[in-house]
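Participant: One predicted model, sequence on top.
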Amino acid sequence: SDLEHVVKAQVFLKDLADFAGFDDVWKEYFGDAPPPRTTLQIAELLVPGSRLEIDLIAVTADGALHPERISTGDAPRPLANYVQGVKVGDLVFAAGQLASDFTTGVPAEAKVDPRFPFYGSDIEKQTDFVLTHCDTVLRAAGSSLTRSVKAQVFMTDLTDFHGMDKVWRRHFGQVPPPRTTVELQGAGLLVPGTLVEIDLIAAVE
């Protein structure tokens, strides 16, 4: 295989201040056809002094599978060098989604109105925003949330878990996908104020 056939990437940075430099080099390697990506800040890596770890999934370059990049204007378009998703064979690999419109940061519909602080919760509103746009991207690829086969949830604070899970149940119903949920202890997400990032793999309808 090769980098042109990468269908999903996860990047773990020790310091989000390194993001711009990392993304510049990423562009050199992936050019105009980057894979969907989830980028997270983590507390530590196995080798002292290392600043990032990159995890890739790729298909072989023999032509048996043809990655199709997914882009829809009905979901927020990322500012960084990655696409919203890739469809390959019977699977869709989606980029990690944050509660951001990539214009104003966390948009009004994804946070509690400060004039009415006791009406709703930020984690529930953010989770709903994220899952709604995850579904939009998956539908653009011929799939949907209910066809998800694997989920990863990254939270800045696990005390928000109950609120996230409450909204999760509403979107996925009685047959949710297998899920890994972890706290980014002492670390954060790329857009200030975001509380959760959700990463999905789904089957095509």
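Facilitator: Cool, got the structure.
Participant: So what touches the longest helix seen in the chain?
Facilitator: Counting by DSSP state H, the longest helix found in the chain is helix 122-140. With CB atoms under 8 Å, 6 or more residues apart in numbering as the contact definition, helix 122-140 has outside contacts at 70-72, 74-76, 84-85, 92, 94-95, 97-99, 106-107, 109-112, 144-145, 147-148, 160, 163-164, 166-168, 170-171, 194-198, 200, 202. Every C-beta, even on glycine, is put in place using the N, C-alpha and C of the backbone.
Participant: what do you get if the cut-off is 6 Å, keeping everything else the same?
Facilitator: With CB atoms under 6 Å, 6 or more residues apart in numbering as the contact definition, helix 122-140 has outside contacts at 70, 72, 74-75, 84-85, 92, 94, 97, 99, 110-112, 144-145, 160, 163-164, 167, 171, 195-196, 198, 200, 202.
Participant: Please save the CA atoms from stretch 114-121 in CSV.
Facilitator: In CSV, the C-alpha atoms belonging to stretch 114-121 read as follows (Å, rounded to 0.1, in the frame of the first residue of the first chain):
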residue,chain,number,x,y,z
PRO,A,114,-25.9,32.0,29.2
ARG,A,115,-29.1,33.9,29.7
PHE,A,116,-30.8,30.6,30.7
PRO,A,117,-28.0,28.6,32.4
PHE,A,118,-30.3,25.9,33.9
TYR,A,119,-32.0,24.9,30.7
GLY,A,120,-30.0,22.0,29.3
SER,A,121,-26.4,21.0,29.6
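Participant: what mean pLDDT does the longest helix of the chain have?
Facilitator: Averaging pLDDT along helix 122-140 yields 97.
Participant: now do stretch 150-158
Facilitator: For stretch 150-158, the mean pLDDT works out to 96.
Participant: centre of the chain versus that stretch, how much separation?
Facilitator: Here stretch 150-158 is found 10 Å from its chain centre; the criterion is CA atoms, centre = their mean, to the nearest Å.
Participant: got the CA coordinates for it in PDB?
Facilitator: Extracted in PDB, the C-alpha atoms of stretch 150-158 (Å, rounded to 0.1, in the frame of the first residue of the first chain):
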ATOM      1  CA  LYS A 150     -17.300   0.800  15.900                       C
ATOM      2  CA  ALA A 151     -17.200   3.900  17.900                       C
ATOM      3  CA  GLN A 152     -14.500   5.800  19.900                       C
ATOM      4  CA  VAL A 153     -15.500   8.600  22.200                       C
ATOM      5  CA  PHE A 154     -12.900  11.000  23.600                       C
ATOM      6  CA  MET A 155     -14.000  13.200  26.500                       C
ATOM      7  CA  THR A 156     -12.200  16.000  28.400                       C
ATOM      8  CA  ASP A 157     -14.000  15.100  31.700                       C
ATOM      9  CA  LEU A 158     -15.700  11.700  32.400                       C
END
